[in-house]
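Asks: Structure of the sequence below:
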Amino acid sequence: MTAPDPRRDPRAFLRHLFDVAVQRAQPLHTLGAHLPPPPRGRTLVLGAGKAGGAMAQAVEALWPADAPLSGLVVTRYGHVPPRPAGLPRRIEVVEAAHPVPDAAGLQAAQRILALAGGLTADDLVLCLISGGGSALLTLPAEGLTLDDMQRINRGLLESGAHIGEMNCVRKHLSRIQGGRLAAACAPARVVTLAISDVPGDDPATIASGPTVPDATTCAQALALLRRDGIAVPAAIEAALEGGALETPKPGDARFAGHQVALIATPQQSLEAAAAAARALGVEAHILSDELEGESREVGKVHAALARAVARRGQPFARPCVLLSGGETTVTVRPLPAGTARGRGGRAGEFCLGLAQALQGEPGVWALAADTDGIDGMESNAGAVVAPDSLARAAAAGRKLDDHLLRHDAYGYFEALGDLVVTGPTHTNVNDFRAILVL
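Replies: The predicted model follows:
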């Protein structure tokens, strides 16, 4: 297949960069180098996340055929990849809801915690962790119900809190996250293989860190709940105040000898996309792999930089592509009476803010998408912004400000035929953004 010419087909060029970034994060290409040798005892695979199905298949394909292997992994509905012909099934993969947990996720977490019991020092636990595990591996603390956790998760998602804050709360309201899964595996050796979807690549934040010690506290979790106006039962509030729900901390002897390896990160995917752009004659600049903030505002900042490049050749010369990753947020605010909330996720809202600020800047094209293939809860991964996006939208009777008010990026870009639709990619290194300045 011929690589796309960025000048003749900017859309295809940007999609090519996204596809390269996603391919770099596929578990089958990255996991083998981090697998430990088989132990004297049994090998148990436990895991959770949007990449869980692909990670489990990679272990099955790469683990010695004569070495025992079993386990259970939970992933998002529809995120189990097609099974290669002839690959023996040794790890059970189940599906559950994301980003709001459901009963299937609760049952999976109960089963995973039960499997962690009764291990010996001769056993090995391979924990396959990726983004989305916070919701998929839901096991509420005593005194909380699944309904409580669903309500709390919705409140966190709509609060605008960044991922570290959300996961601080989740850890302290869980019986399996915040290091508790690894603690339950003692005295077995635990090797965590993780795909990072968080700014800074902190393993304690990925999927709320079920296998690593947690430095956050009950007091911090309670402060965040109060700040965002998210109510919890009185008994839970008292338990947080008194520290009864504290997580295992760094230095805990139960983590001795445990290992953590990041098998794919946002930076690695951005570097792969940059190399692909340079191979096609376009200089690439990675701004950061850990940008956070309100999605539409981050879009406006990117637009200002793109305009400076387009108009003044500063700080980079044209042609070039600006790459960034991280995890932005969307704060859902009350709407005027009679106004219906739209559809969309972080990537689409970034594109709305970008288009609004670019105002049709000639020669500037962009693509923003979530590397798991799902923008929020929608069927698209993200969207494309072109120099004529605003003009085409106006001709179609679409007002960008109205779509921003209603968080309706999906409706806006669907009308333009500019949604990026990939289906589940079976990996997840979070947001991918590429802005081409010709």
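
Asks: Can you classify residue 398 by secondary structure?
Replies: coil (DSSP: H, G, I helix; E, B strand; the rest coil).

Asks: where does residue 1 land on pLDDT?
Replies: pLDDT recorded at residue 1 is 55.

Asks: to the chain's geometric centre, what's the distance from stretch 312-320?
Replies: Relative to the chain's own centre, stretch 312-320 is displaced by 31 Å; criterion: CA atoms, centre = their mean, to the nearest Å.

Asks: Please apply the same query to stretch 19-39.
Replies: 17 Å.

Asks: What would it look like as CSV? C-alpha coordinates only.
Replies: Coordinates of the C-alpha atoms in stretch 19-39 are reproduced here as CSV (Å, rounded to 0.1, in the frame of the first residue of the first chain):
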residue,chain,number,x,y,z
ASP,A,19,-2.8,4.0,12.5
VAL,A,20,1.0,3.9,13.0
ALA,A,21,0.6,5.1,16.6
VAL,A,22,-2.0,2.5,17.4
GLN,A,23,0.0,-0.3,15.8
ARG,A,24,3.0,0.6,17.9
ALA,A,25,0.9,-0.1,21.0
GLN,A,26,-0.3,-3.5,20.0
PRO,A,27,0.5,-6.1,22.8
LEU,A,28,1.6,-8.8,20.4
HIS,A,29,4.5,-6.6,19.2
THR,A,30,5.6,-5.4,22.6
LEU,A,31,4.8,-7.9,25.3
GLY,A,32,7.2,-10.7,24.6
ALA,A,33,10.3,-8.8,25.7
HIS,A,34,8.9,-8.4,29.2
LEU,A,35,7.7,-11.9,29.9
PRO,A,36,9.5,-13.7,32.8
PRO,A,37,10.5,-17.4,32.6
PRO,A,38,7.9,-19.9,33.8
PRO,A,39,8.1,-20.5,37.6
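
Asks: list the buried ones in that stretch?
Replies: For stretch 19-39, burial by neighbour count (16 or more other CB atoms under 10 Å) applies to 20-22, 24-28, 30-31, 34-35, 39. In this view, the C-beta of every residue, glycine as well, is placed from N, C-alpha and C.

Asks: what ranges do the helices span in the stretch 251-400 of the chain?
Replies: Counting by DSSP state H, counting those that start in this stretch, the stretch 251-400 of the chain has helices at residues 266-279, 295-312, 346-358, 389-395, 400-405.

Asks: Most tightly packed of those?
Replies: helix 346-358 (a mean of 27; mean count of other CB atoms under 10 Å).

Asks: rewinding a little: mind putting the helices of the stretch 251-400 of the chain in TSV, mean pLDDT and distance to residue 56 included?
Replies: Putting those into TSV (pLDDT from 0 to 100; distance: least, CB to CB, whole Å) gives the following:
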stretch	mean pLDDT	distance to residue 56
helix 266-279	98	21
helix 295-312	98	32
helix 346-358	97	27
helix 389-395	97	40
helix 400-405	94	39
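
Asks: Put together a markdown table for the ones you listed, with distance to residue 253 on each row.
Replies: Formatted as a markdown table, the helices of the stretch 251-400 of the chain follow (distance: least, CB to CB, whole Å):
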| stretch | distance to residue 253 |
| --- | --- |
| helix 266-279 | 33 |
| helix 295-312 | 42 |
| helix 346-358 | 39 |
| helix 389-395 | 57 |
| helix 400-405 | 52 |
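
Asks: out of those, nearest to residue 238?
Replies: Proximity to residue 238 (CB to CB) singles out helix 346-358 among the helices of the stretch 251-400 of the chain, at 35.0 Å.

Asks: Kindly export the closest one (C-alpha atoms) in PDB.
Replies: Taking C-alpha atoms only, helix 346-358 is exported to PDB below (Å, rounded to 0.1, in the frame of the first residue of the first chain):
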ATOM      1  CA  ARG A 346     -12.800  14.200  24.700                       C
ATOM      2  CA  ALA A 347     -11.300  14.000  21.200                       C
ATOM      3  CA  GLY A 348     -14.400  15.400  19.500                       C
ATOM      4  CA  GLU A 349     -14.700  18.300  22.000                       C
ATOM      5  CA  PHE A 350     -11.000  19.100  21.400                       C
ATOM      6  CA  CYS A 351     -11.700  19.300  17.700                       C
ATOM      7  CA  LEU A 352     -14.600  21.600  18.300                       C
ATOM      8  CA  GLY A 353     -12.400  24.000  20.300                       C
ATOM      9  CA  LEU A 354      -9.700  23.700  17.700                       C
ATOM     10  CA  ALA A 355     -12.000  24.500  14.800                       C
ATOM     11  CA  GLN A 356     -13.600  27.400  16.700                       C
ATOM     12  CA  ALA A 357     -10.200  29.000  17.300                       C
ATOM     13  CA  LEU A 358      -8.600  28.200  13.900                       C
END
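
Asks: Which of the helices or strands spans residue 142?
Replies: Element membership for residue 142, per DSSP states H and E: none, as it lies in no helix or strand.

Asks: residue contacts, residue 40?
Replies: residue 122 (CB atoms under 8 Å, 6 or more residues apart in numbering).

Asks: Got the confidence number for it?
Replies: At residue 40, pLDDT is 96.

Asks: Please enumerate the strands of the stretch 101-250 of the chain.
Replies: Residue ranges of the strands in the stretch 101-250 of the chain, as given by DSSP state E, counting those that start in this stretch, are 124-130, 189-195.

Asks: helices or strands next to the last one in the packing?
Replies: For strand 189-195, the elements it packs on are strand 124-130, strand 259-264, judged by 3 or more CB pairs under 8 Å, 6 or more residues apart in numbering; DSSP states H and E.

Asks: Export these as TSV, with columns for distance to residue 225, mean neighbour count and mean pLDDT.
Replies: Output for the helices and strands packed on strand 189-195, formatted as TSV (distance: least, CB to CB, whole Å; neighbours: other CB atoms under 10 Å; pLDDT from 0 to 100):
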stretch	distance to residue 225	mean neighbour count	mean pLDDT
strand 124-130	25	28	98
strand 259-264	28	20	97
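
Asks: Pipe those strands into JSON lines and attach distance to residue 99 per row.
Replies: Formatted as JSON lines, the helices and strands packed on strand 189-195 follow (distance: least, CB to CB, whole Å):
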{"stretch": "strand 124-130", "distance to residue 99": "14"}
{"stretch": "strand 259-264", "distance to residue 99": "21"}
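
Asks: Just tell me which of these ends up closest to residue 207.
Replies: Per CB to CB, nearest to residue 207 of the helices and strands packed on strand 189-195: strand 124-130, 4.9 Å.

Asks: Quick one: work out the angle between that closest one and strand 259-264.
Replies: 40 degrees (axes from the mean of the first three to the mean of the last three CA atoms, to 10 degrees).

Asks: and strand 124-130 with strand 189-195, angle?
Replies: Using the same axes, to 10 degrees, the direction of strand 124-130 lies 20 degrees away from that of strand 189-195.
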